[in-house]
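Novice: Quick check, what structure comes out for this input:
(one chain, ligands or ions: 2)
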Amino acid sequence: MAADTSRFICQSCGAEHRKWVGRCETCGEWNSVTEEAAAKSAPGGLKGKKKGRRLEFETLTGASEPPPRMASGIAELDRVFGGGLVPGSALLLGGDPGIGKSTIALQAAARLSKAGANCVYLSGEEAVDQVRLRARRLGLENAPLGLAAATNVRDIIVSLADQKTDLVVIDSIQTMFLDNLDSAPGTVSQVRGAGQELIRYAKDSGTIVMLIGHVTKDGQIAGPKVLEHMVDTVLYFEGERGHQFRILRAVKNRFGPTDEIGVFEMTDHGLDEVPNPSALFLDRRDADVAGTVVFAGIEGSRPMLMEIQALVAPSALGTPRRAVVGWDSGRLAMVLAVLDTRCGLAMSGHDVYLNVAGGFSIREPAADLAVAAALISSLTAKPLPHDGIVFGEVGLAGEVRPVSQAEARLSEAQKLGFASAIVPTHKNAKGVGSGMGLRAIGELGSLVDLIYGNDGRE
Ligand code: TYD
Ligand code: MG
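Specialist: Numbers count the residues shown, from 1 in each chain. Ligands and ions are numbered 1, 2, ... in the order given. Take a look at the predicted model:
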């Protein structure tokens with residue numbers, strides 16, 4: 001009977017189907033169901049039959065070398081990798097079309113090849129001439145980089161077999177295909193199949209394979225999402241179209257920290273490193289402006305100052321407008337509700353606009369207090385001092401909670417010339433940020449009093 005010899009499994013969620021279907025009913029993924037041979041079940045499971053190999057167990061305290069690393073020489077990039085690229089690793093570089101993935105990949109490969117590494121750039125999207133033009137624009141035309149336009153993975157593996165390469169860039173994985181699969185390039189099965197072959201090549205040969213993948217509107221890498229668990233490192237390239245800066249973020253890293261970011265600026269000669277991002281996101285003003293607050297955030301291991309702007313205006317609408325750029329709208333609703341309920345501020349009759357200046361996107365709950373301060377300041381038209389920073393998390397009861405790395409936040413602010421800070425009350429906070437005027441706040445009500453009462457200084 002057919003059911004005994006094969007089954008139909010969704011490669012996305014693992015659901016089993018009685019027959020082949022175009023779309024998995026369990027997870028809704030298209031074209032993810034494939035036929036697999038059923039495991040031959042011997043009576044008694046694995047017992048009897050073949051003999052297995054006996055494993056030697058080791059201890060955790062064995063001598064293992066840290067992985068060797070190849071630094072690209074682009075400091076912001078190496079920071080995201082955790083000190084450089086690890087030979088034999090596979091990495092996925094995801095991002096919106098046009099964000100700069102090909103540019104950063106070409107810059108990294110050219111740098112490494114100039115430093116003596118054997119690097120190959122395989123483009124499935126652009127012709128060799130186009131890549132050459134780009135290299136000329138980046139001032140990298142002299143780099144000894146191997147260049148080819150190719151999409152057939154078999155051809156690629158065969159061409160690479162007779163040389164020792166250090167880095168292979170595949171631009172992009174959606175254009176690659178295996179000729180033994182029926183589906184078109186870019187489909188889940190082609191992306192998975194091609195990815196698997198290339199990753200196997202990386203492991204077997206000790207080459208670094210960088211797979212570039214485009215993402216869809218909803219922020220998911222279409223197709224390459226299935227590669228995320230197969231590769232060692234997943235990087236996302238983020239940025240706003242209208243802004244020059246680009247953020248490279250490690251969301252998975254088997255050889256280094258995650259959540260580490262590298263900051264770049266897109267210029268007319270490629271991506272430049274931004275070693276001091278706080279300066280990029282802060283537009284230093286000398287006057288106090290109501291509704292504007294500087295938030296001291298942490299991105300990965302690095303403190304970063306950002307400006308949060310709020311505008312609270314009486315609403316003519318039955319349902320007031322809430323517009324947020326660069327922060328979570330659910331989180332804004334929560335802060336507004338707490339201000340309304342716990343502090344008696346009439347936010348419900350007002351339109352609220354919130355913006356993180358510079359186009360950056362904040363993910364930390366530590367920004368709650370800064371957002372609250374911006375909202376109160378705009379509502380009351382009372383500015384906070386322009387040389388002050390704010391951070392802290394707000395709870396539903398209106399309490400202000402301590403956040404991690406307070407010291408790093410304060411010292412970054414001090415380095416950039418800020419003189420005062422509104423921070424959560426913390427029993428271990430003594431000695432932190434010496435030299436700065438600190439104002440510790442235990443609940444949101446005190447922040448309201450502070451902004452109403454005086455200019456926010458102690
Ligand atoms: P690209 O690296 O091709 O993006 P991706 O590979 O992610 O699709 O980047 C293309 C964009 O970057 C394009 O809009 C032009 C811009 N750009 C510059 O502004 N300066 C440059 O030096 C280069 C090479 C590109
Ligand atoms: Mg590209």
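Novice: so for the helix or strand containing D368, what's the average pLDDT?
Specialist: Element membership for D368, per DSSP states H and E: helix 368-380. Helix 368-380 shows a mean pLDDT of 95.
Novice: for it, packing partners?
Specialist: strand 292-299, strand 302-314, helix 329-343, strand 350-356, strand 388-390, strand 393-394, strand 420-424, helix 444-453 (3 or more Cβ pairs under 8 Å, 6 or more residues apart in numbering; DSSP states H and E). To be clear about C-beta, it is placed using only N, CA and C from the backbone, and glycine gets the same treatment.
Novice: any idea which helix or strand of the chain has the worst average confidence?
Specialist: helix 2-5 (a mean of 54; mean pLDDT, DSSP states H and E).
Novice: E240 and V356 touch, don't they?
Specialist: No. E240 is beyond contact range of V356, at 10.3 Å (criterion: Cβ atoms under 8 Å).
Novice: in the sheet, who's paired with the closest residue to ligand 1 within the stretch 151-300 of the chain?
Specialist: The minimum distance from the stretch 151-300 of the chain to ligand 1, using Cβ to the nearest ligand atom, falls at G270 (4.2 Å). Beta-bridge pairing of G270 under DSSP bridges involves T267.
Novice: So which bits of the chain are right by ligand 1?
Specialist: 95, 97-103, 134, 137-138, 266, 268-270 (Cβ under 6 Å from any ligand atom).
Novice: now, which of those residues lie within strands?
Specialist: Taking DSSP state E as the definition of strands, these contribute 95, 266, 270.
Novice: For the last one, give me its contacts.
Specialist: Put plainly, it is G270. Listed by Cβ atoms under 8 Å, 6 or more residues apart in numbering, the contact set of G270 reads 103, 107, 137-139.
Novice: Mind doing that once more with 7 Å?
Specialist: 103, 107, 138 (Cβ atoms under 7 Å, 6 or more residues apart in numbering).
Novice: and if you look at the second one?
Specialist: Shown here is M266, whose contacts under the criterion Cβ under 7 Å, 6+ apart are 100, 244, 246.
Novice: Disregarding flanking residues, what is the spatial nearest neighbour of the last one?
Specialist: This means R246. Spatial nearest neighbour of R246, excluding adjacent residues (Cβ to Cβ, 6 or more residues apart in numbering): G239 at 4.0 Å.
Novice: Quick check, that neighbour in contact with G98.
Specialist: No. G239 is beyond contact range of G98, at 9.9 Å (criterion: Cβ atoms under 7 Å).
Novice: Out of the residues of the chain next to ligand 1, give me the two with the largest separation.
Specialist: For those, the maximum inter-member distance is 21.0 Å, found between P97 and H269 (Cβ to Cβ).
Novice: what about the chain, any weak spots by pLDDT?
Specialist: Applying pLDDT under 70 to the chain flags the ranges 1-4, 38-49, 216-224, 283-286, 427-434, 454-458.
Novice: ok, longest helix in it?
Specialist: What stands out as the longest helix in the chain, according to DSSP state H, is helix 188-205.
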